[in-house]
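**Student:** here are the coordinates; sequence isn't available:
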């Protein structure tokens, strides 16, 4: 209209499926392979209703999306830790149990996870994993030739552990949970280890991390169902 603002035309309605598209859907497949026939039908259906092709997941950055990413990272690290622990026990078996007093104790049994609050669980998990990261860095620094033979797997495990810790921090921020306070100065670890002693330390660190991650996956899955 002259002398006024142009009127905004309504958004065009999406046209219904064309006759040709419907013809494609119901036309018998030519004598090709069964896989090609199935692919053709899938493509035709998606062309009729493209909005159905988009997977409906949690919006990026949401607490549910951060929890999904955390669960996936934790499960992946658990599997890699389990594989490296099996390799360690196969190459350098240690009779009996061996522990390090500086390592964190397992938070609780899997059966008691249902009564645990999300905030306390994430805080405890992140604190424990920070301790395992410190011990992993120490082991790679002072370990003997036998521990060095576990590279590059040990280095990969340390990198994944660091990624998981950053993911836990993002998850806690998305849930508006208080961040973990700075750790108190930890007791110093030995500056050197004999080769066999470093193997025993590797058993304690990797085995303890494996148990902690198994506990974490179970707990995260329970907490995820409550979001």
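**Tutor:** Looks like it came in fine. All figures in this text were calculated on a predicted structure; none of them were measured in a lab.
**Student:** So which residues of the chain form helices?
**Tutor:** Assigned by DSSP state H, the helices in the chain fall at 19-26, 34-48, 63-91, 118-142, 145-148, 153-174, 195-224.
**Student:** Of these, give the one that comes closest to residue 104.
**Tutor:** Nearest of these to residue 104, taken as CB to CB: helix 118-142 at 4.4 Å. For glycine as for every other residue, the C-beta is placed from the backbone atoms N, C-alpha and C.
**Student:** Next, the angle from the closest one to helix 195-224.
**Tutor:** Per axes from the mean of the first three to the mean of the last three CA atoms, to 10 degrees, the angle that helix 118-142 makes with helix 195-224 is 160 degrees.
**Student:** which helices and strands does helix 118-142 pack with?
**Tutor:** helix 153-174, helix 195-224 (3 or more CB pairs under 8 Å, 6 or more residues apart in numbering; DSSP states H and E).
**Student:** quick one on the thing from earlier: and among the helices of the chain, the most buried is which?
**Tutor:** When the helices of the chain are scored by mean count of other CB atoms under 10 Å, the highest mean neighbour count falls to helix 195-224 (a mean of 20).
**Student:** rewinding a little: mind checking the helices of the chain for the one nearest to residue 187?
**Tutor:** Among the helices of the chain, helix 118-142 comes nearest to residue 187, with 10.9 Å by CB to CB.
**Student:** could the helices and strands packed on helix 118-142 go into JSON lines alongside distance to residue 71?
**Tutor:** Output for the helices and strands packed on helix 118-142, formatted as JSON lines (distance: least, CB to CB, whole Å):
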{"stretch": "helix 153-174", "distance to residue 71": "10"}
{"stretch": "helix 195-224", "distance to residue 71": "5"}
